[in-house]
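*Asks:* Mind looking at a prediction? Sequence and model below.
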Amino acid sequence: MRLRLILSSALIALALTGCQKTGVSEAAAEASDGASKATKGELSNDVELEPAMLPNIKVETVGAESGRGSLSGTGKVQFNEDRTVRILAPLPGQVVDFQARVGDPIAKDQVLFSIKSREVASLVSDYMQSQRDLDLAQKTYNMNKDLFEHQAASRISFQQAENDLAKANTQVARGEEALRVLGIDPKEAVKDGGLRSVIPVRSPMAGTLIERNLTPGQFVQADSTALLTIADLSTVWVLVDVFERDIHLVRVGQKVQVVAAAYPDRRFAASVERINDKVDPDSRTLKVRLLVSNPNFLLKPEMFITSSLELSGGGTAISVPGGAVFTEDGKSYVFAAKTDRRFERRLIVAAPDAEGRLRVTSGLRVGDRVVTDGAMLLDYRRKQKQD
């Protein structure tokens, strides 16, 4: 009986020991499986480099910068139409005393050429006749006034003389204005004895002669045909195309840096002068007109330019070099350092910034260390280990 009890106890103890071992094995297996899954999760984002490979990458610390960006555009140089004048013939006649050439500097009020015209002589003659009529009307008025005051003339006669004097003054003023419009001083016209037949054509502004449709001795008509074109080249216009989606970033008065293909190392200061009201239906762009300073007249019409418009973002922003960011499935990533050798692939949101940099609006913080050179090497290593 005692032997049976001993054997039963031994069997029960042996069974309990087997159950405990089975539980421990199952727990160890679960832990091992969890560790394997965790390791597999790390491989999808993290990568660790051997010390020998570290010299192949470059790591920089992310810092805060002024919240300013830029918007690029392309366009061509044009004359500033607000500072361009086209010279027309004021009267029909023959061109004389013309010597200017295309490219010559022109001063304000400089005589460009003269026109010899019969109509000029007629205007001068009419003016001198109006002056003689005024003298006669003034004498008649004075006489009638004296007679009226001594009751030797009627009121009607006096009023008629007064009316004739007013008309004569009007004719003289009209003749003077007609001569001044043509650039003739009325006093000088009288000195010539009414034989003047040549009028000077002057430049209304300083600038450069950029176009000429005139030759000495040519007969011209008083129509809308431009004989000369003068432009002030100290400033020029540049029309750039801005996409419809970006036009909300542009406003009149914003500062712009302009680079011409002819002068790649030089920056020209400019500002936004006008934003077109019409969208091009094909390219979905709007024309933005820039007023560009043109020192030494370096910028020429039809030159191709690239503009960089400064955007005011306010506050501070994080930016990284363009080489730090790579894309995959339409998303942007960087590798952020977790330790000296371990790096984490991190999803970010970035937009183009000035001078080849990207402004990061999500995914990075000030003080993070990111790989700025060698990101593609890390991504290759990450995928290689995952495989």
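*Replies:* In hand now; what should we look at? Numbers count the residues shown, from 1 in each chain.

*Asks:* what about Lys255, neighbour count?
*Replies:* Using other CB atoms under 10 Å, Lys255 has 12 other residues around it. In this view, the C-beta of every residue, glycine as well, is placed from N, C-alpha and C.

*Asks:* Without its sequence neighbours, what residue ends up closest to it?
*Replies:* The shortest distance from Lys255 to any non-neighbouring residue, by CB to CB, 6 or more residues apart in numbering, is to Glu310 (5.0 Å).

*Asks:* From what I see, that neighbour and Gly253 are in contact.
*Replies:* No: with contact defined as CB atoms under 8 Å, Glu310 does not reach Gly253; the gap is 11.2 Å.

*Asks:* Compare the two (neighbour count), which wins?
*Replies:* A count of neighbours by other CB under 10 Å puts Glu310 above the other of Glu310 and Gly253, at 14 against 7.

*Asks:* Spell out which helix or strand contains the more buried one, please.
*Replies:* Secondary structure assignment for Glu310, by DSSP states H and E: strand 304-321.

*Asks:* Now the element after that strand, going C-ward?
*Replies:* Counting by DSSP H and E, what follows strand 304-321 is strand 326-328.

*Asks:* which residues of the chain score low on pLDDT?
*Replies:* 1-44, 65-70, 192-196, 311-317, 351-356, 386-387 (pLDDT under 70).

*Asks:* care to break it down by domain?
*Replies:* Listed by automatic domain parsing, the domain ranges of the chain are 46-67+316-386, 72-81+231-313, 84-113+206-230, 118-196.

*Asks:* from the middle of its chain, how far away would the second one be?
*Replies:* Counting by CA atoms, centre = their mean, to the nearest Å, domain 72-81+231-313 is centred 3 Å from the centre of its parent chain.

*Asks:* hey, where'd the strands end up in the stretch 51-200 of the chain?
*Replies:* 58-61, 64-79, 84-87, 93-96, 105-106, 111-116, 198-202 (DSSP state E, counting those that start in this stretch).

*Asks:* My error: substitute the stretch 251-387 of the chain in the last question.
*Replies:* Taking DSSP E, counting those that start in this stretch, the strands of the stretch 251-387 of the chain run over residues 255-260, 263-275, 285-293, 304-321, 326-328, 331-337, 342-352, 357-362, 369-373.

*Asks:* which residues touch Ala231?
*Replies:* Phe79, Asn80, Arg83, Thr84, Val85, Gly207, Thr208, Ile210 (CB atoms under 8 Å, 6 or more residues apart in numbering).

*Asks:* which non-adjacent residue is nearest it?
*Replies:* Using CB to CB, 6+ apart and skipping residues adjacent in sequence, the residue nearest Ala231 is Thr84, 4.4 Å away.

*Asks:* now swap in Leu134 and tell me
*Replies:* Ala168 (4.1 Å).

*Asks:* burial count for that neighbour?
*Replies:* Residues near Ala168, counting by other CB under 10 Å, number 21.

*Asks:* so what's the spatially closest residue to Thr235 that is not a sequence neighbour up against?
*Replies:* Distances taken as CB to CB, 6+ apart place Asn80 nearest to Thr235, at 5.0 Å, with adjacent residues excluded. Neighbouring residues of Asn80 by CB under 8 Å, 6+ apart: Ala231, Asp232, Thr235, Val236, Trp237, Leu291.

*Asks:* and the closest residue to the last one other than its chain neighbours, what is it in contact with?
*Replies:* Computed as CB to CB, 6+ apart, the closest residue to Leu291 that is not its neighbour in sequence is Glu273, at 4.3 Å. Taking CB under 8 Å, 6+ apart as the contact definition, Glu273 lies against Trp237, Val252, Arg289, Leu290, Leu291.

*Asks:* so the first one sits in a helix?
*Replies:* This points to Trp237. No: read with DSSP: H, G, I helix; E, B strand; the rest coil, Trp237 is strand and lies in no helix.

*Asks:* which ones are touching it?
*Replies:* Val77, Gln78, Phe79, Asn80, Glu81, Glu273, Arg289, Leu290, Leu291, Val292.

*Asks:* From those residues, list the buried ones, please.
*Replies:* Val77, Gln78, Phe79, Asn80, Glu273, Arg289, Leu290, Leu291, Val292 (16 or more other CB atoms under 10 Å).

*Asks:* partners of the third one in the sheet?
*Replies:* So the one you mean is Phe79. Phe79 has these beta-bridge partners by DSSP bridges: Val236.

*Asks:* Might one say that it is in contact with Gly207?
*Replies:* No: the pair Phe79 and Gly207 fails to qualify as a contact (CB under 8 Å) at a distance of 9.9 Å.

*Asks:* Common neighbours of those two, please.
*Replies:* Ala231, Leu233.

*Asks:* Tell me the spacing between the residue lying closest to Asn294 once chain neighbours are set aside and Ala189.
*Replies:* Leaving aside its sequence neighbours, Asn294 sits nearest to Val236 (CB to CB, 6+ apart; 5.0 Å). Val236 sits 41 Å away from Ala189, going by CB to CB, to the nearest Å.

*Asks:* Thanks a lot, see you next time.
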